[in-house]
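*Asks:* Quick one, structure for this:
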Amino acid sequence: MKNIRKILRIIWIICGLSFTIVLIISFQAKGVDKTLLQSSDSVKVVNDSYKIEFIPLKSVKDSALIFYPGGFVDPKAYVPMARKITDNGYKVIIVKLPLRIAFSNSQKQELFFRSKELIQNDDEINHWVMAGHSRGGALAAEFVKDESKLVDSLILIGTTHPKEFDLSDLKIDVTKVFATNDGLASEKEVFHPLEMKVLDHIIIGGTGYTSMAEKGIVPYQSKGTANYKEIALGPIPVEEKRNRFKHTHSR
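*Replies:* Below is the predicted model of the structure:
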């Protein structure tokens, strides 16, 4: 009996590791121009163990963006986007998630500590934007929940979060970006979590989750067509609101 349990445990571990490896391989950045990670006369690039930072050297603005990647996604997948923003004078910092997922509480705290340190140690930036894609969006929302005074706005891309805490009293601007072919959630799930006040809804027609970054094939990619139907965002029924907070816990 003990031998059977040991064998099953080994099989379970192997399956888990195999699945993780497949995910990491699937989410590798592909087709990203290597020169975008090289410094130039207009942009300084710093790529270390916990971030990829793009620092403008010309027409420098006093606003900056901190960006969290999607879970398991190669941070380099967002380099083309970051470099384009920096070309317009804005600093961009892609913060690498611990183990590319920041699943445990200690990993999240490590991520948030680094982010807070980046903001507080930069005297040249007066306005910070916190943003994230998918899992990164969930983490960005959680960071802002506790550190809203450090940032001026929040951008959530391809995510239904926040789900476990209420940001309806958030005093900063919030923008949500949603791809119509995402296939991972409905428009209502994306745009109306916990009555969070969203300043802008950006709907990208004819594209999906994989189009949000320069990365490889992702399982369950939607092949549906774009949907431009109007999204009704009236008050959430009391019963629906109660169900959403059913598993909520204070922190």
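
*Asks:* Quick one: the helices in the stretch 51-200 of the chain, in order.
*Replies:* Listed in chain order, the helices of the stretch 51-200 of the chain (DSSP state H, counting those that start in this stretch) span 79-86, 105-120, 135-147, 187-191.

*Asks:* Okay, Gly71 and Ile125: tell me how far apart.
*Replies:* 27 Å (Cβ to Cβ, to the nearest Å). Placement of C-beta: from N, CA and C, glycine included.

*Asks:* what about the two, which has more around it?
*Replies:* Taking other Cβ atoms under 10 Å, Gly71 and Ile125 do not tie; Gly71 has more neighbours (19 against 16).

*Asks:* that older thread, of the helices of the stretch 51-200 of the chain, which shows the lowest average pLDDT?
*Replies:* Least confident of the helices of the stretch 51-200 of the chain, judged by mean pLDDT, is helix 187-191 with a mean of 68.

*Asks:* and stretch 68-86, C-alpha only, in CSV?
*Replies:* Taking Å, rounded to 0.1, in the frame of the first residue of the first chain, the C-alpha atoms of stretch 68-86 are listed here in CSV:
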residue,chain,number,x,y,z
TYR,A,68,2.9,43.3,-14.3
PRO,A,69,3.0,40.5,-17.0
GLY,A,70,0.4,37.7,-17.3
GLY,A,71,0.9,34.5,-15.4
PHE,A,72,3.7,32.4,-16.9
VAL,A,73,4.1,34.9,-19.8
ASP,A,74,7.7,35.8,-20.7
PRO,A,75,8.2,39.4,-19.7
LYS,A,76,9.9,40.1,-23.0
ALA,A,77,6.5,39.6,-24.6
TYR,A,78,5.6,43.1,-23.5
VAL,A,79,8.8,44.8,-24.7
PRO,A,80,7.4,46.1,-28.0
MET,A,81,4.6,47.8,-26.1
ALA,A,82,7.0,49.2,-23.4
ARG,A,83,9.5,50.5,-25.9
LYS,A,84,6.8,52.3,-27.9
ILE,A,85,5.6,54.1,-24.8
THR,A,86,9.1,55.0,-23.8
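
*Asks:* if we compare the helices of the stretch 51-200 of the chain, which one ends up closest to Tyr50?
*Replies:* Proximity to Tyr50, assessed across the helices of the stretch 51-200 of the chain by Cβ to Cβ, is greatest for helix 105-120 (5.9 Å).

*Asks:* what is the orientation angle of the closest one with helix 135-147?
*Replies:* On the basis of axes from the mean of the first three to the mean of the last three Cα atoms, to 10 degrees, helix 105-120 is oriented at 70 degrees to helix 135-147.

*Asks:* Just list the residues touching Asn88, thanks.
*Replies:* Residues near Asn88 by Cβ atoms under 8 Å, 6 or more residues apart in numbering: Pro56, Ser59, Lys61.

*Asks:* Among these, which one has the most neighbours?
*Replies:* Counting neighbours by other Cβ under 10 Å, Pro56 comes out on top of the contacts of Asn88 with 19 neighbours.

*Asks:* how close does that residue sit to His133?
*Replies:* 22 Å.

*Asks:* Also Ile93?
*Replies:* Taken as Cβ to Cβ, the span from Ile93 to His133 is 14 Å.

*Asks:* More neighbours: which of those two?
*Replies:* Set side by side, Ile93 and His133 show unequal neighbour counts under other Cβ under 10 Å, the larger going to His133 at 26 against 22.

*Asks:* which other residues reach stretch 102-111?
*Replies:* Contacts of stretch 102-111 (Cβ under 8 Å, 6+ apart): Tyr68, Val95, Leu97, Pro98, Leu99, Ile101, Arg135, Leu139, Glu142, Phe143.

*Asks:* Great, nothing more from me.
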